[in-house]
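**Q** fold the following and give me the result.
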Amino acid sequence: MTPAAARPGGAPGEVAVSVVVPTRDRTTRLLLTLTALGHQTLDRERFEVVLVDDAPERGAVEQVLSALPAGLPVRPATTGGRGVACARNTGARLARGELLLFLDDDTVAAPGLLEAHLAAHRGAGATVAHGTVTDLSAFALTPEPRPLRTALTGARGRTIEPATVADLDSAVALLGPRRSFIERTARQVTRSPEYAPLRWLSCIGTSTSVRRTVFEGVGGFDEHYGQLWGGEDLELGLRLAAAGATFELLDETAYHLPTARRDTGDLLPRFWRRVADRHGDPRLADVGPFLAGRLSLDELAARLGPADHALAPGTAVS
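**A** Numbers count the residues shown, from 1 in each chain. Prediction:
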């Protein structure tokens, strides 16, 4: 249990929430992400943004920061292309807040998001909170603008720009809102008792918060997987669950500006075969086919077995 003195909240004027944003070669999506953080209802003195640039070559982040209105407390860092797990861990080490909120560089937070995450951790206990994320599919086929443009234009000329992010709720219906597969999964596992052993599948890399002490207790994100994409966030959730964490789904929304990719069917199984080898449990290899849509949630639950299926609450090793 986290001591009361270390619970998120703190004294007025202290940083309570550190928003860790890993980024790589993003321009307009990152500008929209950061702009939305500037419209939070939580007092600016209560939070900070740790922006970690993982691009091998500099430039994109500098463009974005030069276009960002003054006042948002952004602390930049670089990791030089070592992968998103390294970027997130670097941000967590630099963070001053007791509560870590991980937010991707293509996710636009509703104004009350930070307050909702902070409220979810005011009690004692090791909680992992995930805020609802809605995909705006109108932008799925929109490539990242280079150089930076202030507006992102998607299907049928639909546009999102910094001036509109604070009131995005009113425009969402025209932007192709949908709930992704992993978001539907998070809702199922957190709200259905039958899937309780799989609640770690709600530890999604964007709009997910955890106390710093809990995060550090399991070693943070596992940097062993390098730049291989496919679930370093869920693998963290797996270890958090083994260490006794509970998982909560928040109603407060963030909006994801997705970018379509065609390699998920190959990368997801590959990543989870690596996880299975690293954990010494071949059953974990089945997570990849599930995420790729080849297994149902019921089939995955049956293959992984009960909550105490001998996974040890280990820590990540870089």
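**Q** quick one, strands of the stretch 101-250 of the chain?
**A** Using DSSP state E, counting those that start in this stretch, the strands found in the stretch 101-250 of the chain span residues 107-109, 127-136, 152-153, 159-160, 177-178, 208-211, 246-256.
**Q** now for the last one, which elements pack on it?
**A** Yep, that's strand 246-256 we're talking about. Applying 3 or more CB pairs under 8 Å, 6 or more residues apart in numbering; DSSP states H and E, one finds that strand 246-256 contacts strand 107-109, helix 113-120, strand 127-136, helix 181-191. (Each C-beta comes from the backbone N, C-alpha and C, glycine too.)
**Q** out of those, which comes closest to Pro143?
**A** Proximity to Pro143, assessed across the helices and strands packed on strand 246-256 by CB to CB, is greatest for strand 127-136 (15.4 Å).
**Q** that closest one vs strand 246-256, what angle?
**A** 30 degrees (axes from the mean of the first three to the mean of the last three CA atoms, to 10 degrees).
**Q** going by neighbour count, list what's buried in strand 127-136.
**A** 127-136 (16 or more other CB atoms under 10 Å).
**Q** can you put the residues you listed in TSV and add distance to His39?
**A** Compiled in TSV, the buried residues of strand 127-136 are given as follows (distance: CB to CB, whole Å):
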residue	distance to His39
Thr127	26
Val128	25
Ala129	21
His130	21
Gly131	16
Thr132	18
Val133	17
Thr134	17
Asp135	21
Leu136	17
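**Q** just give me the least confident of these.
**A** Note: of these, the lowest pLDDT belongs to Thr127, at 92.
**Q** beta partners for it?
**A** Taking DSSP bridges as the rule, Thr127 bridges to Thr246.
**Q** contact partners for it?
**A** For Thr127, the contact set (CB atoms under 8 Å, 6 or more residues apart in numbering) comprises 120-121, 210-211, 245-248.
**Q** now swap in Arg29 and tell me
**A** Contacts of Arg29 by CB under 8 Å, 6+ apart are 105-106, 144, 152, 257.
**Q** also Arg278?
**A** Residues counted as contacts of Arg278 (CB under 8 Å, 6+ apart) are 222, 224.
**Q** list the buried ones in the helix or strand hosting it?
**A** Using DSSP states H and E, Arg278 sits in helix 264-279. Within helix 264-279, the residues scored as buried using 16+ other CB under 10 Å are 264, 267-269, 271-276, 278-279.
**Q** now the angle from it to helix 181-191?
**A** 50 degrees.
**Q** distance from helix 264-279 to the middle of the chain?
**A** 19 Å (CA atoms, centre = their mean, to the nearest Å).
**Q** export the helix or strand following that helix as CSV, just CAs?
**A** Downstream of helix 264-279, the next assigned helix or strand under DSSP H and E is helix 287-291. Extracted in CSV, the C-alpha atoms of helix 287-291 (Å, rounded to 0.1, in the frame of the first residue of the first chain):
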residue,chain,number,x,y,z
VAL,A,287,-2.1,-12.9,-26.7
GLY,A,288,-0.7,-11.9,-30.1
PRO,A,289,-3.3,-13.9,-32.2
PHE,A,290,-6.0,-12.5,-29.9
LEU,A,291,-5.0,-8.9,-30.5
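**Q** the next helix or strand along the chain from helix 287-291 packs against which elements?
**A** Next in sequence after helix 287-291, counting helices and strands by DSSP H and E, comes helix 297-304. For helix 297-304, the packing partners by 3+ CB pairs under 8 Å, 6+ apart come out as helix 181-191, helix 287-291.
**Q** next, the buried residues of helix 297-304.
**A** By 16+ other CB under 10 Å, the buried positions in helix 297-304 come out as 297, 300-301, 304.
**Q** Serialize these to CSV and add fields for distance to Thr78 and pLDDT.
**A** Formatted as CSV, the buried residues of helix 297-304 follow (distance: CB to CB, whole Å; pLDDT from 0 to 100):
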residue, distance to Thr78, pLDDT
Leu297, 39, 97
Leu300, 37, 97
Ala301, 41, 96
Leu304, 38, 94
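**Q** closest one to Leu175 out of those residues, please.
**A** Nearest member of these to Leu175, counting by CB to CB, is Leu297, at 28.0 Å.
**Q** please report how far that closest one lies from Ser192.
**A** For Leu297, the distance to Ser192 equals 9 Å [CB to CB, to the nearest Å].
**Q** returning to what we had before: to Ala92, which of the helices and strands packed on strand 246-256 lies closest?
**A** Closest approach to Ala92 among the helices and strands packed on strand 246-256 (CB to CB): strand 127-136, 14.0 Å.
**Q** ok, back up a step: let me have the helices and strands packed on strand 246-256 in CSV, extended by distance to Ile204.
**A** Formatted as CSV, these follow (distance: least, CB to CB, whole Å):
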stretch, distance to Ile204
strand 107-109, 10
helix 113-120, 13
strand 127-136, 6
helix 181-191, 6
